[in-house]
Every structure is written in C-alpha cells, then in structure tokens.
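Engineer: Task: produce atomic coordinates for the following.
(chains A and B)
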Number of protein chains: 2
Amino acid sequence: MLENKNNTKTDLASLGEFGLIEHLTNTVKLQHKSTIKGIGDDAAVLKLKHQTIVTTDLLVEGVHFDLGYVPLKHLGYKAVMVNLSDVYAMNGMAKQITVSIAVSNRFPLEAIEELYVGIHLACKAYNIDLIGGDTTSSTTGLLISITAIGEVKKEDVVYRNGAKPSDLLVVTGDLGGAYLGLQVLEREKQVFKANPNAQPELDKYTYLVERQLKPEARKDIIILLKALEVKPTAMIDISDGLSSEILHICKQSKVGCDLYEAKIPLSQEVISTCEEFNMNSTTVALSGGEDYELLFTIAQSDYDKIKGNPNLTVIGHITAKKDGAYLVTRANQKIELTAQGWNGLS
Amino acid sequence: MLENKNNTKTDLASLGEFGLIEHLTNTVKLQHKSTIKGIGDDAAVLKLKHQTIVTTDLLVEGVHFDLGYVPLKHLGYKAVMVNLSDVYAMNGMAKQITVSIAVSNRFPLEAIEELYVGIHLACKAYNIDLIGGDTTSSTTGLLISITAIGEVKKEDVVYRNGAKPSDLLVVTGDLGGAYLGLQVLEREKQVFKANPNAQPELDKYTYLVERQLKPEARKDIIILLKALEVKPTAMIDISDGLSSEILHICKQSKVGCDLYEAKIPLSQEVISTCEEFNMNSTTVALSGGEDYELLFTIAQSDYDKIKGNPNLTVIGHITAKKDGAYLVTRANQKIELTAQGWNGLS
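Structural biologist: Below is the predicted model:
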C-alpha cells in the first residue's frame, strides 16, 4: 500500500485536524493570479475573469479503488485527474481544486502523505492551485472528495447539447486500456492471494496498467483545439465508456449517430490483451470506462483542421434523432447503442 | 431514522447512478442569474461578477452525526448550513452548492429522498442553487460532501487576519446550545437503549435540540452589517467552540485578546440545562462547538452602530500579541485561552 518502505507509522490523531491539514498543505505555492486566498480561512477567495466551471467527484475505497493494488500516490494523482477531465470537457482550463478526505485510523500519517504526494504532483503537472478542503476521520476506509474550479470564456464553453446532424464524432487517444489494466491488476491480485510469493507479471501490460493507475486528463487537447481554431459543437469526457458518453451527447443534443466499429482507436496492447483474455475489444472500448479521453463533435467544415492529427480520430457522425444511435459493425450491420458503462451504484 | 413513516423501500441500485441523481434533483429550479448551467453536463458553469468564495465540508456518519437521533431531513438541512456559514464568515453571499453523497445499500431510496428534502429546504430558505454533485455507493454508512460557492465584492471581503489592538470582539446569537442539545440527545439515546418503550423527554429542551439538529447560518447578520455600514476587521464562524475560533483570529491577526466571561451570551435554556447536567456554562460556550454563530472584530469607532442590537454582543477586545489571549473571569482572574474545540480526528 505504501511506496515509502520505511516503517515509520505516525498516528493521525496525534496531529489533530488543523495540524494534519497544515502538515499536508504547507508546501503549497499558489500559482494563479486568480487565487486571491487559498487554504487558511473559512473559505478560499478567487477572482476569475471569465465564466467559472465547477465540478466534483467522490472516490470511495472498495467501490472506486482497491488499495490492494492501487498505490496511494497514484490514487491521489488519479483523483485529481478525474476532476480536471470534467473541466476540460467544458473546453475550459482548470485552475483550482479543493480536496477533502475521510480516513480511518488504520491509515498512518505516512499513508496520507503518500496520497498527497500524488495530489501535489498532479497540481504541479497541470498548474492547479490547491485552495482548500476538509480532513476528517471515517469509520472505515478512505474517501476522497475533490471539487475542481476552472475558467472558460463565454464564447468558448462547450456543452453536451450542441451536436448537429452531419457533425463528425471525434475521440482523443485510444480506448479500453484503463479497463483492461484493471482486469490485469485483478488477476494478479488473485494470483497473489493464492500464492503470496508469486511475483507479479506486469511488464507486458505496462501501458494498460498505467492507463488504469495513472490516467492523464486531456488538457493538451483543449490547447490543441484552440491552436487549430476548432470549437467542438458538443463535448464530454469518457469516464463511463464510449457508448454511455455518446448516448449522453445524443440525448442532450436531441440527435442520433452512426459510430463505426472499425474506426474506434485501439492500442496494440488492448488488441493483444483482449485476445489473451478472450474479450471483444469493441465491447471493452464501448463499455470499459475510466479512459478519461475526450469525445466531441465538430462541424464537417472543421474536418480539414483536424485531419491527420495523431491525437484525434473521427469515429462516426451525427444523424437525426429519428435515425437513432447505432454502432456500424465491421460487417456493416447496425446495432443499437446501449449504455453499459460502469455504474458506481450497482 | 425516517420521518416518512410509510414503509415503502426502494432499492437504490434499481435506479442506477444517473437515475438517482435525476430523481433527487429534477425539482431544482435555478434562481440566480449567475448560474449559467446547473446539473446535467460534465460541470456547472457560473458567471460571478465579483470575487468568488469557495468552501467545502465533509460530514461522516458515526463521526459527525448519529442517525439514531438525527432525522435525515435535518441532516440534509444542517449539512448545507455548515457550508453556508463559512461563506457568510467571509462577509459574502452564498449562491450555489454542489452535493455529493456516498451511501450504503442499507439506505432505501426513501431515506435519501428525506435527506434531499432537507437539502432542498435549505436551498429554498437561503436562496441557493444546487448546481451539481456526485452520487455513489459506500461500503458502510452515509457520507455527505458539500461545496458552497459565494460572491463578495473585493472591498467587502473579511479574512481572519485583520483584527487590530483595541478592536471590539463581537459574537452573534448565543452560545453553547448546540453542544447541550447533543448531550440531551445522547442521554435520551441511552435511556431508549435501556428501555425501548421509554418516551423521549425533549419538550423542555426544544431550543437546545433545535440548535443541534437544525442550526441556521447567519446570512441575516451579513445583511444587517451591510445595512449598519459596519465592515468587520476579522471574522470567523463558530463551528469548533468560541475559544478555538478566537485563537484562530488572534493567531492569524497576530494579536491578543481579553474575553470577558460575564459577557458571553447564554440562553436561559443553556444556563438551566448546565445546572441540571452539572456542567460549567462558560466551558460549554468556549468549547462546545456547532453553534454556527459568527465571531468578528470591529473598530471601536463602529461601536455606536451596533450598540443595543439584540443579535450582537460585545464580549471583549483585541490586545497586542505580547499580551496574550485571555479569559477574564467573573472574579476578575485572567486565564489563558486554550483551544479545546471539538476535533474531528480525535
């Protein structure tokens, strides 16, 4: 669980709540002019020039992560990414986060420090100010609640509801990796349970495991689209699987779509591991989730601007609502899309 | 646990995550022009004219509340109040909240509906837009994470660090009631455990129990101070007990203070219940916590503006840092103030 292998274990209660917050955040240096006041008062104070984006996500031990194979540093990093991804999906730039944790006394201070190493790392890499939060005990396990704040010019904001028939459906990166990474980690956990002396065999799955444990939010895409002078007509981040996200755009934009199976971007590792696990790679991409790529639609007239960019793949197009939302298979069959994304409540 | 006594119990999983959020929030009507986009996209979008206030709090079952005697409707209401109180403590107006909950499957839908009745009630009473959140399962119990967003003019914001020697120390309302309300509820719980047929005797403690279960954040005070043309030099809300909050102001303003025991505002119910419970009412006010009153300092020259207002009590004055922070007892002894507020980690 701990990357830091020295065995010092400090009881959290010995610091008290204020002591703990101070200890975890005393290295924070505020980067943004828009952060007027960070940690240390009843609330943070910001001055954002444009429109403000607000999003929040809750990660619960035993539901969203298993500390049996998720290092706390990675967990902290990923918890930030999950939130930043939602800000970028509005075509905005993330600026600040608050981080609240509930933690049981089974965690020593050193474990929470590891978690915050990941949080601070994410803040540094994405130029985010940590401006507040809350720290409390929990009766069991660890829970992380993050709120991210971002900024977007009024004319730049992109909702889910602006897709129009004939728009192109575009996805960033490749899909299915995070889900397969989870399968690999789960399998290794079972092997380890059966034989605690077994060495994990993760080398050939490095890419997949990294997609699961250390996803990156696509800030680069927001910068790229601006440079290309492309404003998507609708956008969403892929947290629950491609299928579920496409259906969100279709529902809110009141449109249909044709998604081409053959166009879905898959890495070589996804294809080979699907074969090994006897899984269908299309199903994995459609329903796997946690890829934190961006899915967006653009006007056909913008196609030339994105054509050939290795980060962007056109996977289909928008149709009229009455035409429905379909997957067009390699065999040219049309199958209605259904949301089978990961469901945090099931 | 449930105020709604009909016995319908709907399994949460039957709705799914999106269904649950929609079910709980479909009555939300946005009130503020500053809310451009509420629930339903990757993130909410706001346009706040002035400076933005951001605060967040986490409430955990078994740590912050006991569903043995806290009705879920009250819990929802209080969870909102706790956050609004922090916004008002910056001398700003709260405008929006996000609400995230983690909930175990021991809660039927009807229980979560009760919780949201309280949340919606608080939003209505304080003119707050519910703009987003997250809903997930938990392995045990209920957890509520709320982020509140507010607005304040640059020239109006009040931090903890502006108190100056000779400033007056002022508190709103009266203190100690919430803590005593908790003691009353805890006692009744023990009585009930010993004899499940016992009827709770809460009538004479109505005020105290209400202070504990249904606190009100002091929005009215922010409006009052504006009307009186008084800008505090420092301000904080009283969540952890008067003593702890005074010390926060002293530390951050680099000052000392004399707090007069005889001036601390106590209700008749606090005085009589302290006698009954054989507790010292000053200790209860200093260390009890959860009153959600405001503590602030004002320049002496503003005294005439607040004099005689029944909501405001001058309880002491600020001194130089070297003079230290003291309680001046009724017997005119000086006792150094120590923070013994409630500690969520101990």
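Engineer: Quick check: which ranges of the stretch 201-346 of chain A have low pLDDT?
Structural biologist: A:340-346 (pLDDT under 70).
Engineer: tell me the phi and psi of the residue of the stretch 101-250 of chain A found nearest chain B?
Structural biologist: With C-beta to the nearest C-beta, the shortest gap between the stretch 101-250 of chain A and chain B falls at A:Ser145, namely 3.8 Å. (C-beta placed from N, C-alpha, C; glycine too.) Per-residue torsions, A:Ser145: phi -120, psi 120 (degrees, to the nearest 10).
Engineer: correct me, but it touches B:Leu58?
Structural biologist: Yes - contact criterion C-beta atoms under 8 Å: A:Ser145 and B:Leu58 qualify, at 6.2 Å.
Engineer: Neighbour count for those two, which is higher?
Structural biologist: A:Ser145 (31 against 26; other C-beta atoms under 10 Å in any protein chain shown).
Engineer: Let me see the confidence value for that one.
Structural biologist: Looking at A:Ser145, its pLDDT reads 97.
Engineer: And A:Gly62, by the same measure?
Structural biologist: A:Gly62 is assigned 92 on the pLDDT scale.
Engineer: now swap in the one 3 residues further on and tell me
Structural biologist: Per-residue pLDDT puts A:Phe65 at 94.
Engineer: Which helix or strand lies directly C-terminal to the strand or helix carrying A:Gly19?
Structural biologist: Taking DSSP states H and E as the definition, A:Gly19 sits inside helix A:16-25. Sequence-wise, the next helix or strand downstream of helix A:16-25 (DSSP H and E) is strand A:35-37.
Engineer: Where do the helices of the stretch 1-150 of chain A begin and end?
Structural biologist: Under the criterion DSSP state H, counting those that start in this stretch, helices of the stretch 1-150 of chain A are mapped to A:16-25, A:72-88, A:109-126.
Engineer: Buried residues in the first one, which are they?
Structural biologist: For helix A:16-25, the buried set under the neighbour-count rule, 16 or more other C-beta atoms under 10 Å in any protein chain shown, comprises A:16-21, A:23-25.
Engineer: can you check stretch A:302-310 too?
Structural biologist: By neighbour count on 16+ other C-beta under 10 Å, the buried set for stretch A:302-310 is A:302, A:306.
Engineer: chain center to that stretch: distance?
Structural biologist: Averaging C-alpha positions (C-alpha atoms, centre = their mean, to the nearest Å) puts stretch A:302-310 24 Å from its chain's average.
Engineer: mind listing the strands for chain A?
Structural biologist: For chain A, the strands defined by DSSP state E occupy A:35-37, A:44-46, A:51-60, A:93-103, A:129-137, A:142-152, A:168-172, A:234-237, A:255-260, A:294-298, A:312-320, A:325-328, A:334-336.
Engineer: Columns distance to B:His50 on top of those, output as TSV?
Structural biologist: Shown next, in TSV, are the strands of chain A (distance: least, C-beta to C-beta, whole Å):
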stretch	distance to B:His50
strand A:35-37	11
strand A:44-46	10
strand A:51-60	12
strand A:93-103	17
strand A:129-137	17
strand A:142-152	15
strand A:168-172	36
strand A:234-237	29
strand A:255-260	38
strand A:294-298	32
strand A:312-320	39
strand A:325-328	43
strand A:334-336	49
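Engineer: Let me know which of those strands is the nearest to B:Asp258.
Structural biologist: Nearest to B:Asp258 among those is strand A:35-37 (28.2 Å), distances taken as C-beta to C-beta.
Engineer: partner strands of the closest one, parallel or antiparallel?
Structural biologist: If you go by DSSP bridges, strand A:35-37 pairs up with strand A:44-46 (antiparallel).
Engineer: how about the strand it pairs with: buried residues?
Structural biologist: Buried residues in strand A:44-46 (16+ other C-beta under 10 Å): A:44-46.
Engineer: need the buried residues of helix A:16-25 in JSON lines with pLDDT, can you?
Structural biologist: Formatted as JSON lines, the buried residues of helix A:16-25 follow (pLDDT from 0 to 100):
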{"residue": "A:Gly16", "pLDDT": "74"}
{"residue": "A:Glu17", "pLDDT": "72"}
{"residue": "A:Phe18", "pLDDT": "70"}
{"residue": "A:Gly19", "pLDDT": "79"}
{"residue": "A:Leu20", "pLDDT": "84"}
{"residue": "A:Ile21", "pLDDT": "83"}
{"residue": "A:His23", "pLDDT": "88"}
{"residue": "A:Leu24", "pLDDT": "91"}
{"residue": "A:Thr25", "pLDDT": "90"}
